[in-house]
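In: Sequence unavailable; structure follows:
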């Protein structure tokens with residue numbers, strides 16, 4: 001493949017090109033594309049997904065950082081492809097309603113939270129398998145993390161299939177997973193203070209084996225005006241003796257709302 005294209009994958013850009021045509025067909029089919037769809041593809045690479053998306057969608061917007069790959073894609077002369085030669089983390093995306101992408105693994109988290117700030121119908125994304133497991137993990141499992149909780153708050157998420165290493169060139173060290181991400185039309189729970197919820201999630205998962213009462217007491221400045229106030233409130237919190245890894249997102253939200261009333 002490399003010899004045929006004269007292209008070398010750059011490790012620093014997280015380039016592992018999808019080369020399996022059958023898997024590419026399935027990834028595109030999961031998006032249920034129609035002639036009305038405007039599709040965002042982040043990191044089109046060699047264009048394995050791009051060509052298939054272009055045949056079904058009204059328009060495809062490809063954001064590719066690597067100039068060599070931009071020229072490679074332009075040479076394909078895909079009429080409904082608009083290529084943006086920029087860093088996907090640094091630009092504002094044009095309007096789109098669906099996303100189909102094999103994301104660079106080292107920036108999967110940043111890109112996932114970035115796209116969730118946009119309005120769209122559905123994303124079909126290829127992640128590192130371990131990252132995908134963290135997206136859908138349940139309490140008490142080691143993969144259950146702040147990523148799980150924060151994504152749960154914003155979107156419905158499910159793994160569609162596991163992709164073998166052999167589907168990529170060069171082969172990555174780990175398997176991948178195709179994930180469907182659908183933004184929630186209604187939030188799964190109400191939050192009194194959304195930022196406090198995120199702060200609570202981040203701090204508690206940084207100390208996941210400690211009891212919540214201990215974490216909040218040691219970081220009282222994040223949640224209370226005075227230490228005295230924290231000493232009065234922490235003992236009456238409903239989940240004070242639990243560890244964060246034991247709490248479902250709804251319970252974490254309830255805890256955040258209890259704290260927010262004293263914020």
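Out: Okay, I see it. Treat the numbers as computed from the prediction; the structure is a model and nothing was measured.

In: any idea how far the closest residue to residue 240 other than its chain neighbours lies from residue 247?
Out: Excluding the flanking residues, the one nearest residue 240 by CB to CB, 6 or more residues apart in numbering is residue 213, at 3.9 Å. Placement of C-beta: from N, CA and C, glycine included. Going from residue 213 to residue 247 by CB to CB, to the nearest Å gives 13 Å.

In: For residue 255, list the residues it contacts.
Out: Neighbour list for residue 255: 200, 212, 237-239, 247 [criterion: CB atoms under 8 Å, 6 or more residues apart in numbering].

In: whoops, I mixed them up, residue 229
Out: Per CB under 8 Å, 6+ apart, neighbours of residue 229: 220, 262.

In: if I read this right, the residue nearest to residue 240 contacts residue 236, doesn't it?
Out: No: when contacts are counted by CB atoms under 8 Å, residue 213 is not listed as touching residue 236 (10.4 Å).

In: more crowded one of those two?
Out: residue 213 (15 against 9; other CB atoms under 10 Å).

In: and that one, how far is that from residue 257?
Out: Residue 213 sits 17 Å away from residue 257, going by CB to CB.

In: do residue 99 as well
Out: 32 Å.

In: can you give me the strands in the stretch 151-263 of the chain?
Out: Listed in chain order, the strands of the stretch 151-263 of the chain (DSSP state E, counting those that start in this stretch) span 155-163, 168-169, 176-183.

In: Let me know which of those is the nearest to residue 126.
Out: strand 176-183 (5.4 Å; CB to CB).

In: Spit out the contact partners of residue 93.
Out: 40, 61, 63, 115, 118.
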